[in-house]
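1. return a 3D structure for these sequence lines:
(one chain, ligands or ions: 2)
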Amino acid sequence: SLGARINGRPVTFWSNETILQCARRHGFYIPTLCELDDIDHTPGTCRVCLVEAAMPGRDNAMILTACNTPMQEGMEVETRSRKVREMQRLQVELLMADHAHECATCIRHGNCELQDVAQAVGLRQSRFADPALIAERPVDTSSPALIRDMTKCIRCQRCVAMCRHGQGVDALVISGTQHGTFVGLKDGASQRVSSCVTCGQCVLVCPTGALGERDETDKVIDYLYDPEIITVVEFAPAIRVGFGEEFGLPPGTNVQGQIIAACRRLGFDVVLDTNFAADVVIMEEGTELLSRLKRGVRPTFTSCCPGWINFAERHYPEILPYLSTTKSPQQVLGAIAKSYLPERMGLDGKRIRVVSIMPCTAKKDEIVRPQLVHDGVPEIDVVLTTREFARLLKREGIDFRSLEPSEFDNPFMSAFSGAGAIFGTTGGVMEAALRTIYYVVNGRELEQVELSQLRGFEGVRAATVDLNSEIGAVKVAMAHGLKPTRQIVEAVLAGTADFDFIEIMACPGGCVDGGGTLRSKKHYLNHAQKRRETLFAIDRNAKARQSHNNPQVQALYRDFLGSPNSEKAHKLLHTRYTD
Ligand code: HC1
Ligand code: SF4
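-> Ligands and ions are numbered 1, 2, ... in the order given. Sure thing, here's the model as predicted:
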């Protein structure tokens, strides 16, 4: 390693190490905004990371962006000189020139990276704000899931990088010129009809309120305070292991009990678990898979992830016949909460509204699919992302950390097996399915229920699992993130992939890092790992680890559906796709 100085202190650096990387490694703070280490993004567009750097033998120091300038032998870097601080402050003030000053009403209130950096550089004025410039920039509200408000965009291009390089969807482009530059959708499309699949990964990295979910907390509050309405709530497998972070708890803390307590405090009449519906999905999808294998139809793709469904429909319609027809757990829960539940509980089904709390933005798209709305009645009435659920608690004055954990008490639709719990992480659906398929074909349980070869974090994983029966071994694969998904889909279409069953999750890591989770600026994949470990622990401690051993699932089939894939099950729990 080579030698230089930062703020007068000798430092070593590696070849090609940037000033920012070297400074960070030695504990010097340089404010940044557009830069995002997690995705290796250093476009140098915000120019907040300015430093003064002098080279040996040169008299005049230069002002440089630290994020994309390499260290050099003998370089003398100043990060805190008065000149540097004034320049950084001016850069942020210039960013404010065409940024809508609507902080109090912004979706990012209290959690905005632009505000944080303005504070970090000591900005106390905004002299150049120009309402005319701001008014020229577009706001796209055409999608049920995502709102794109370019009056808040600071052109950091993190979203473009995430969509293009992270997800490989490439729906976003830099549009316009000069003042009019903003991030648009390809071919000038609106959000609703673009190639975007509403996975929400771009939202996770947006530093401001430019990208966000459609806020539907008001709709839920309307339901909660309407005495005519019976409010039913469900929450996703991944919610319980990520939600505590919003309230300062470590990533991966299991707050299931506090979420149940919070739902009761909010006034929901019936609190259900999406995990229960995940168990039902395994019964349906597992049975469907076996019948397809017997007919020699392969592969079968999972169908629970709506970002994946959007991707298949918009980018690879030829693949649609290979998708399982089983609805997602969210929709399965909605469908039976409006049919089976009222029958069991003696409720008026027409008065029921189902609210679904999901770590996902594409779930908002899913509920308005025409296939999932019957005579104008949707199966699910509102989806709240993790972020909106946190907002709802704040709006209703509920102090989450002080809540005593509570337990589910619904005897029909809240119990879950370990298999249902692990749906929230990549590979979980596959593992859950294999436990049940093994039982169905052999009449006895798979002994080794944790399939360690399915538990890696690589983009695509494959395994062969011996079913010890006439079906023989099944070849399975998992992909998470849309870039690996594209690879596997193209291999299937080209006839070069040899698989029976393929699990797809559109978000890297699966739902534990879904596009509706809390926006954590840094290290979010690291958080996803911790959330996933807790899901595995929930599975290990579960009374039943297989979906078919969930007593409430058994009762649902005995008392209502008949058998998996029965005519009634088909009508209620299966769907179709459109190209
Ligand atoms: Fe998911 Fe699913 S696991 S899609 O990843 O199949 O969102 O958590 O709820 O529906 O169960 C999300 C999570 C979630 C569905 C289930
Ligand atoms: Fe790309 Fe997903 Fe963002 Fe759409 S939601 S622009 S697909 S990253």
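
2. and the protein, what are its domain boundaries?
-> 2-80, 125-213, 218-573 (automatic domain parsing).

3. tell me how far the ends of the longest one are from each other?
-> Right, domain 218-573. Between the opening and closing residues of domain 218-573 there is a gap of 29 Å (C-alpha to C-alpha, to the nearest Å).

4. is it up against ligand 1 anywhere?
-> Yes. Judged by C-beta under 6 Å from any ligand atom, domain 218-573 and ligand 1 are in contact via 236-238, 274, 278, 304-305, 328-330, 358-360, 363, 423-424, 505, 510-511, 514. From N, CA and C alone the C-beta is placed, and that goes for glycine too.

5. out of the residues you listed, which sit inside strands?
-> Restricting those to those inside strands, with DSSP state E as the criterion, leaves 358, 505.

6. would you write a PyMOL line that selects the buried entries of the residues of domain 218-573 next to ligand 1?
-> For the buried members of the residues of domain 218-573 next to ligand 1, the matching PyMOL selection, counting by 16 or more other C-beta atoms under 10 Å, is:
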select buried, resi 236+237+238+274+278+304+305+328+329+330+358+359+360+363+423+424+505+510+511+514
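
7. show me the shaky parts of this structure.
-> Counting by pLDDT under 70, the chain has low-confidence residues at 1, 520-525, 579.

8. which one's the longest helix in it?
-> Identified as the longest helix of the chain according to DSSP state H is helix 274-294.

9. contacts for whichever helix or strand comes after that one, please.
-> Helices and strands here follow DSSP states H and E; after helix 274-294, the next one along the chain is strand 300-301. Residues from elsewhere that reach strand 300-301, judged by C-beta atoms under 8 Å, 6 or more residues apart in numbering: 288-289, 292, 308, 312, 319, 322-324, 500-504.

10. one more pass at 7 Å, please.
-> Taking contacts as C-beta atoms under 7 Å, 6 or more residues apart in numbering, the residues outside strand 300-301 that touch it are 289, 292, 322-324, 501-502, 504.

11. what about whichever helix or strand comes after it, near ligand 2?
-> Heading C-terminal from strand 300-301, the first helix or strand you meet, by DSSP H and E, is helix 306-315. No. Residues of helix 306-315 contacting ligand 2 under C-beta under 6 Å from any ligand atom: none, with a closest distance of 7.2 Å.

12. how about the residue nearest to residue 253 when sequence neighbours are not counted, secondary structure?
-> Using C-beta to C-beta, 6 or more residues apart in numbering and skipping the chain neighbours, the partner closest in space to residue 253 is residue 244 (4.1 Å). Taken by DSSP: H, G, I helix; E, B strand; the rest coil, the conformation at residue 244 corresponds to helix.

13. could you do the one 10 residues further on as well?
-> Using three-state DSSP, the secondary structure recorded for residue 254 is coil.

14. tell me the spacing between it and residue 16.
-> Taking C-beta to C-beta, to the nearest Å as the measure, residue 254 and residue 16 are separated by 42 Å.

15. these two: which is more packed in?
-> Residue environment comparison for residue 254 versus residue 16 gives the larger neighbour count to residue 254, 19 against 8, counting by other C-beta atoms under 10 Å.

16. doesn't residue 240 make contact with the more buried one?
-> Yes. Taking C-beta atoms under 7 Å as the definition, residue 254 is a contact partner of residue 240 at 5.6 Å.

17. so what's the nearest residue to residue 483 once chain neighbours are set aside up against?
-> Among residues not flanking residue 483 along the chain, residue 168 sits closest, at 3.5 Å (C-beta to C-beta, 6+ apart). Contacts were defined as C-beta under 7 Å, 6+ apart; by that measure residue 168 touches 482-483, 486.

18. going by secondary structure, residue 168 is in what exactly?
-> Taking DSSP H and E as the criterion, residue 168 maps to no regular element, lying outside all helices and strands.

19. got it, and residue 479?
-> Assigned by DSSP H and E, residue 479 belongs to strand 473-480.

20. what residues does that strand touch?
-> If you take C-beta under 7 Å, 6+ apart as the criterion, strand 473-480 is touched by 426-427, 430, 454, 459-467, 485, 488, 498-505, 507-510.

21. may I see the buried residues of it?
-> The neighbour-count check on strand 473-480 (16+ other C-beta under 10 Å) flags 474-480 as buried.

22. try stretch 309-317
-> With burial defined by 16+ other C-beta under 10 Å, the residues of stretch 309-317 counted as buried are 309-316.

23. now do stretch 478-491
-> With burial defined by 16+ other C-beta under 10 Å, the residues of stretch 478-491 counted as buried are 478-486, 488-489.

24. quick one, the helix or strand harbouring residue 355 and helix 274-294 angle?
-> Assignment of secondary structure by DSSP H and E places residue 355 within strand 352-358. Here strand 352-358 runs at 80 degrees with respect to helix 274-294, directions being taken by axes from the mean of the first three to the mean of the last three C-alpha atoms, to 10 degrees.

25. need the contact list for the residue nearest the centre of the chain.
-> Nearest to the geometric centre of the chain sits residue 514, at 1.2 Å (C-alpha atoms, centre = their mean). Applying C-beta under 7 Å, 6+ apart, one finds that residue 514 lies in contact with 200, 238, 359-360, 507.

26. how many residues are close by residue 175?
-> When neighbours are counted by other C-beta under 10 Å, residue 175 comes out with 15.

27. got the phi/psi numbers for it?
-> Summarising the backbone geometry of residue 175 under the convention degrees, to the nearest 10, its torsions are phi -120, psi 160.

28. and the contacts of residue 168, which is closest to ligand 2?
-> Of all the contacts of residue 168, the one sitting nearest ligand 2 is residue 482; the distance, using C-beta to the nearest ligand atom, is 7.3 Å.

29. what sits closest to whichever residue of the stretch 401-550 of the chain sits closest to ligand 2 if chain neighbours are left out?
-> Nearest to ligand 2, among the residues of the stretch 401-550 of the chain, is residue 515, at 6.3 Å (C-beta to the nearest ligand atom). Here the nearest residue to residue 515 in space, its sequence neighbours aside, is residue 200; by C-beta to C-beta, 6+ apart that works out to 1.9 Å.

30. hang on, that neighbour packs against residue 516?
-> Yes. Between residue 200 and residue 516 a contact is recorded at 5.8 Å, counting by C-beta under 7 Å.
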